[in-house]
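Student: Sequence first, predicted model second:
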Amino acid sequence: MNSSTKKRRQSHVNTGSQTSNSKVNIFSGDQKQELGVEGSFVEGSIRRITMKNFLTYDYSVVYPGPNLNMIVGANGTGKSSIVCAICLGLAGKTAILGRGDKIGLYIKRGCSKGFIEIELFKNGGNVVINREIHVENNQSLWMLNGRHCNQKSVEEEVKALRIQVSNLCQFLPQEKVGEFSKMSKIELLEATEKSVGPPKMYEYHCGLKNFRNRERELEVNIFVKV
């Protein structure tokens, strides 16, 4: 195997203490140039996750790469915190995570508020979503591209980018693995269609099911008349 091939398969991670400023880079600057990382993101890809006073983190910034990303660490080092930040930062409900039901429970103990900021790749200009969470009243303040907005506006933007944190075939927290394993073949098929298929695929599938049900009804009616 030549040296250039080896370089392409390498990855680089910079980590820091959870109680101090930390940044996680999946690729170093030189490797980004070698791999052409800047031009290979697809719409909806996460470019950056920033967390402050969130679960185990005082402050941390994570920069995912454009393809497969793996975060490795011992128990209690904050891997699940990043998963929670992705879900809640993209307007997902706490029930998806199977942990605390109140949003204020996700703020670092002893802090009155914290925030999550997620930058998503989008052709024509990235989308930046900011969620500031207040412990006292379990309320959130939302910003979309630097402007205050409501949660519905964020949900619509996330949906337009085909991000589905409520779909276990696209986003699977560890607390939901058991629920995923109990899904029927039909449920798995429909969830997969919604997750990776063209936007109209699931609608077409539903249409076909309706036609089939109607066909069966007609067959029964014909049989009864005969």
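Tutor: That came in fine, so what should we check first?

Student: what's stretch 178-186 in contact with?
Tutor: Stretch 178-186 has contacts (Cβ atoms under 8 Å, 6 or more residues apart in numbering) with 168, 172, 191. Glycine gets a C-beta too; all of them are placed from N, C-alpha and C.

Student: where do the strands sit along this structure?
Tutor: 21-25, 46-54, 57-63, 113-120, 127-134, 139-144, 147-149 (DSSP state E).

Student: so what does the fifth one touch, helix or strand wise?
Tutor: When contacts are defined as 3 or more Cβ pairs under 8 Å, 6 or more residues apart in numbering; DSSP states H and E, strand 127-134 sits against helix 79-89, strand 113-120, strand 139-144, helix 151-160.

Student: The shortest one pairs with which strands, and in what direction?
Tutor: It stands for strand 139-144. Strand 139-144 pairs in its sheet with strand 127-134 (antiparallel), strand 147-149 (antiparallel), by DSSP bridges.

Student: Give me the below-cutoff pLDDT ranges for the chain.
Tutor: 1-39, 222-226 (pLDDT under 70).

Student: Which helix in it has the most residues?
Tutor: When the chain is parsed with DSSP state H, its longest helix is helix 201-225.

Student: Report all helices and strands that that helix contacts.
Tutor: Counting by 3+ Cβ pairs under 8 Å, 6+ apart, the packing neighbours recorded for helix 201-225 are helix 185-196.

Student: now the helix it packs on against helix 201-225, angle please.
Tutor: 140 degrees (axes from the mean of the first three to the mean of the last three Cα atoms, to 10 degrees).

Student: what comes up buried for helix 185-196?
Tutor: The neighbour-count check on helix 185-196 (16 or more other Cβ atoms under 10 Å) flags 190, 191, 193, 194 as buried.

Student: With only the CA atoms kept, save it in PDB.
Tutor: Extracted C-alpha coordinates of helix 185-196, given in PDB (Å, rounded to 0.1, in the frame of the first residue of the first chain):
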ATOM      1  CA  LYS A 185     -40.500  -5.400   9.000                       C
ATOM      2  CA  ILE A 186     -43.200  -3.000   7.800                       C
ATOM      3  CA  GLU A 187     -42.300  -0.300  10.300                       C
ATOM      4  CA  LEU A 188     -38.600  -0.700   9.300                       C
ATOM      5  CA  LEU A 189     -39.400  -0.400   5.600                       C
ATOM      6  CA  GLU A 190     -41.500   2.700   6.100                       C
ATOM      7  CA  ALA A 191     -38.900   4.300   8.400                       C
ATOM      8  CA  THR A 192     -36.200   3.500   5.900                       C
ATOM      9  CA  GLU A 193     -38.200   5.000   3.000                       C
ATOM     10  CA  LYS A 194     -38.700   8.200   5.000                       C
ATOM     11  CA  SER A 195     -35.000   8.300   6.000                       C
ATOM     12  CA  VAL A 196     -33.100   7.600   2.800                       C
END
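
Student: list the buried ones in stretch 122-142?
Tutor: Residues of stretch 122-142 classed as buried: 122, 127, 128, 129, 130, 131, 133, 134, 135, 140, 142 (neighbour count, 16+ other Cβ under 10 Å).

Student: So which residues lie in contact with that stretch, not counting its own?
Tutor: Under Cβ under 8 Å, 6+ apart, the answer for stretch 122-142 is 43-44, 47, 54, 88-91, 102-104, 106-107, 111-120, 143-146, 148-151, 153-154, 157-158, 161.
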